[in-house]
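Visitor: no sequence on this one, just coordinates:
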């Protein structure tokens, strides 16, 4: 009972102490505690206790004992403590300190409990700050996730902001002609180019089908009256574009625009292009411009008016002013034997010519010969040319016979490239002086000086020959024909050179000449569709105004958006390669090191960087509005200057029509021509840019850097077979005797499926870095991405014969694996799909 009374007293003191602690301003200092009377201490210590003294001194501070459960106290003692506590609460602080027995008890225990309280309070403050920081960070994370979730929900709900730019309106109209995979999941991949016709891949992937099949045979743009009809035709044409034709179409729109605030160089390029389109003026001029040109060259014996001009003088004039090379071709380039030494020196390279007479290679005699089955149509074309040029019919056959005979002799000395490569006849080095001694009929120094005027050409300069046997034989044949006295008045060599000049200037003459040339091609088995006039004119414009076209293209390509998609795709591709199962560690390290060493970037030129420089470069060009023939003569002069620049350029000249990446040193270059509509536009939703061009970039890189990936990774076969299994199930061909895929087909399936995954991952990364994107036709972002990708079916691809299935079918495969798609692409009436594996 004594121990119970003591416990009750201690408990009462503890509760009173807790109440006093609540109202104290601060704990009592050591000084105040030393002044506390000692009488209560002596009374407390005199009472018996069953606990050892150390345990009593180590009791926790009163503040912590406040939380002890009330049920541990005796009920009668709890009731007796209520009234004293209320009285203590009402006392002032000084009276509370004097009358508080627990205060005296605190003095008895000394400073240890007070120090422990300070330590615990510090710990409490630290924990409070820590948990507060965690709470703030958690709130920030929750807010961010909520925003992303809201954005995703809005996206899926179709509340994304629409793109209203003119380019987007055009793209939306084109997209509306396509089949939506998510509304027609059973066979959308068979009709992604429009519900009225299957895709090129579906139609047995016939070579070249659909590229030009629906195009106009001659595109002659009129004024505003035909603009609407042309736009409707363009929508149909663009469904079957290849990437190079899309670039040409984009440049066409630039040249046909009515922008008046352009430089004089741009106006001259546009003027040349429009004079080429002016077929009415060309037809009106007829053959008269060419006949006038013949007279400036001394005439020819066919017309009965020939001044018997010097052979080498006429040849030099044709090479300098008209870029015509009747007996040999000229190039400028590096010696491959010096490339390993990283030299930038370029040489004149001399090759056999492009003979007008059709020839074939005889494997038995190891010689070329004229194709006998085409001699008759070729003879008819020569007769037609002479008739168009007003030659007397009585003497036609004599001159034509000598022309064919001379052409046949030259053909025998020619050889195809594989044969010359096998015999080591390429890049044979010698000086001009040495060449002169081996082929004396040609004045080599004079001809080369004329061709590369005003560059200094000397006899000790080295040249590279690609068929020395032909050059020697050609010189011998020319010498023989020059020394035939009975043929001097007939001028067969002059006639031969005029025929070659006619071939050079054929694009500037009326349609009768081009139709005659086309008849020969048809006789040779060339059944390609007629190239549209606008495309021919654009290609001709590039010969002399290439720097202007590059400038116009660079002005319209948004470098920031192009660089961003390049970097994102390349980053996603490197991540994809790390996921592959490689055949061995050595191969893995080799491929990864190869890819990691490359620096991807947009390929631009700095040769002419301003409009002022362009204007100065073309300051001497004066074009005629209605004489395309005279404009074309100036174009050939510009072409000659372009060839001369190759000697001084440190890098290879820009190919403005390049549409695929390439590797140069340690850089992975992406030509500007890749970033044009309908594959890319800066105002398109990013979902569309990544779905089309992002996929094409990834596919091009995989093909370029990993041409033999099927021998390096086990993943290629597994993915190829998996996708093929799903395709057979979707098309209900399971068990139908379908052959397994070849290694090349497995690789192409893996390339295209991986490219789609890479493009999708890059787009998602782009959304994470820059939240928000526009859309078309109310589609969600992923929906638009996949819809845009489905249009790849409609574009020509050189690998279409290797790809065993429609590329757009990969949407079904990727949606079976990902939960990002709007819905699962499952055909309800095809139970096989439910058991198909995910790839």
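Guide: Thanks, I have the structure now. Only a predicted model underlies this, so the values are computations on that prediction, with no experimental measurement involved.

Visitor: what comes up buried for the helix or strand harbouring residue 565?
Guide: Element membership of residue 565 [criterion: DSSP states H and E] is helix 559-578. Buried residues in helix 559-578, counted by 16 or more other CB atoms under 10 Å: 561, 562, 564, 565, 566, 568, 569, 570, 572, 573, 576, 577. Heads up, the C-betas are built off the backbone N, CA and C, glycines and all.

Visitor: which strands and helices sit next to that helix?
Guide: helix 585-596, strand 599-603, strand 667-671, helix 695-705, helix 743-769 (3 or more CB pairs under 8 Å, 6 or more residues apart in numbering; DSSP states H and E).

Visitor: Show me which of the buried residues of helix 559-578 is closest to residue 610.
Guide: The nearest member of those to residue 610, counting by CB to CB, is residue 562 at 20.9 Å.

Visitor: Could I get the buried residue list for stretch 390-404?
Guide: For stretch 390-404, by 16+ other CB under 10 Å, it's 391, 396, 399, 400, 402, 403, 404.

Visitor: can I get the residues you listed in JSON lines with pLDDT and distance to residue 312?
Guide: Shown next, in JSON lines, are the buried residues of stretch 390-404 (pLDDT from 0 to 100; distance: CB to CB, whole Å):
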{"residue": "391", "pLDDT": "90", "distance to residue 312": "25"}
{"residue": "396", "pLDDT": "86", "distance to residue 312": "27"}
{"residue": "399", "pLDDT": "93", "distance to residue 312": "21"}
{"residue": "400", "pLDDT": "94", "distance to residue 312": "25"}
{"residue": "402", "pLDDT": "94", "distance to residue 312": "20"}
{"residue": "403", "pLDDT": "95", "distance to residue 312": "20"}
{"residue": "404", "pLDDT": "94", "distance to residue 312": "24"}
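
Visitor: ok, residue 702 to residue 632 distance?
Guide: As judged by CB to CB, to the nearest Å, residue 702 and residue 632 stand 43 Å apart.

Visitor: ditto for residue 534
Guide: From residue 534 across to residue 632, the span is 16 Å (CB to CB).

Visitor: Distance to residue 764 added to the buried residues of stretch 390-404, as JSON lines?
Guide: Output for the buried residues of stretch 390-404, formatted as JSON lines (distance: CB to CB, whole Å):
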{"residue": "391", "distance to residue 764": "70"}
{"residue": "396", "distance to residue 764": "71"}
{"residue": "399", "distance to residue 764": "71"}
{"residue": "400", "distance to residue 764": "68"}
{"residue": "402", "distance to residue 764": "71"}
{"residue": "403", "distance to residue 764": "66"}
{"residue": "404", "distance to residue 764": "66"}
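
Visitor: Run through the strands of the protein in chain order.
Guide: Ranges of strands within the chain are 299-300, 305-306, 329-333, 347-351, 359-362, 367-370, 428-431, 462-465, 599-603, 662-664, 667-671, based on DSSP state E.

Visitor: Specify the stretch among those strands that is closest to residue 638.
Guide: When the strands of the chain are compared by CB to CB, strand 329-333 sits nearest residue 638, at 15.8 Å.

Visitor: what's the closest one in contact with?
Guide: Contact with strand 329-333 is made by 319, 346-354, 448, 451, 464, 643, 646-647, as judged by CB atoms under 8 Å, 6 or more residues apart in numbering.

Visitor: List just the nearest of those to residue 698.
Guide: Nearest member of these to residue 698, counting by CB to CB, is residue 646, at 33.3 Å.

Visitor: how about the nearest residue to the closest one, chain neighbours excluded?
Guide: Closest residue in space to residue 646, ignoring its immediate chain neighbours: residue 332 at 4.0 Å, by CB to CB, 6 or more residues apart in numbering.

Visitor: Just give me the neighbour total for the one you found.
Guide: Each residue near residue 332 was counted by other CB atoms under 10 Å, and the total is 16.

Visitor: confidence score at it?
Guide: In this model, residue 332 is scored at 92, pLDDT.

Visitor: which residues touch residue 429?
Guide: 335, 462, 463, 464, 465.

Visitor: just these: which has the poorest pLDDT?
Guide: residue 335 (90).

Visitor: And for that residue, the neighbour number?
Guide: When neighbours are counted by other CB under 10 Å, residue 335 registers 16.

Visitor: Distance check, it against residue 345.
Guide: Using CB to CB, we find residue 335 at a distance of 8 Å from residue 345.

Visitor: swap in residue 616?
Guide: From residue 616 to residue 345 the distance is 28 Å (CB to CB).

Visitor: How about residue 130?
Guide: 70 Å.

Visitor: Apart from its neighbours in sequence, what residue is nearest the spatially most central residue of the chain?
Guide: Residue closest to the average C-alpha location in the chain (CA atoms, centre = their mean): residue 697, at 3.8 Å. Nearest residue to residue 697, sequence neighbours excluded (CB to CB, 6+ apart): residue 569, at 4.9 Å.

Visitor: My guess is the one you found contacts residue 759. True?
Guide: Yes. The criterion here is CB atoms under 8 Å, and residue 569 meets it with residue 759 at 6.7 Å.

Visitor: any shared contact partners between the two?
Guide: With contacts taken as CB under 8 Å, 6+ apart, residue 569 and residue 759 have 690, 694, 697, 698 as neighbours in common.

Visitor: Quick check: of the residues you listed, which has the highest neighbour count?
Guide: Result: residue 690 is most packed of these (other CB under 10 Å), 34 neighbours.

Visitor: Tell me who's in contact with the nearest residue to that one once chain neighbours are set aside.
Guide: Leaving aside its sequence neighbours, residue 690 sits nearest to residue 763 (CB to CB, 6+ apart; 3.9 Å). If you count contacts by CB under 8 Å, 6+ apart, residue 763 has them with 568, 686, 687, 690, 691, 694, 781, 785.

Visitor: So the fourth one versus residue 598, what's the distance?
Guide: Put plainly, it is residue 690. Using CB to CB, one obtains 21 Å as the distance from residue 690 to residue 598.

Visitor: try residue 705
Guide: Applying CB to CB to residue 705 and residue 598 gives a distance of 8 Å.

Visitor: Common neighbours of the two, please.
Guide: Residues touching both residue 705 and residue 598 (CB under 8 Å, 6+ apart) are residue 663.

Visitor: From the buried residues of helix 559-578, pick the one nearest residue 248.
Guide: Taking CB to CB as the measure, residue 562 is the one of the buried residues of helix 559-578 closest to residue 248, at 19.2 Å.

Visitor: Mind pulling up the pLDDT for that closest one?
Guide: Looking at residue 562, its pLDDT reads 95.

Visitor: Let me know the distance separating the residue nearest to residue 690 from residue 677.
Guide: Counting by CB to CB, the gap from residue 763 to residue 677 is 19 Å.

Visitor: what does residue 789 give?
Guide: Residue 789 sits at a distance of 16 Å from residue 677 (criterion: CB to CB).

Visitor: which of those two has more neighbours?
Guide: Taking other CB under 10 Å, residue 789 and residue 677 do not tie; residue 789 has more neighbours (28 against 20).

Visitor: contacting residues for the more buried one?
Guide: 691, 692, 695, 756, 759, 808, 810, 811.

Visitor: what do you get for residue 583?
Guide: Contact analysis of residue 583 by CB under 8 Å, 6+ apart lists 711, 712, 713, 714.

Visitor: I'd like those laid out as CSV, including neighbour count, pLDDT and distance to residue 548.
Guide: Listed next are those as CSV, based on neighbours: other CB atoms under 10 Å; pLDDT from 0 to 100; distance: CB to CB, whole Å:
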residue, neighbour count, pLDDT, distance to residue 548
711, 11, 91, 46
712, 17, 90, 44
713, 22, 92, 46
714, 12, 90, 51
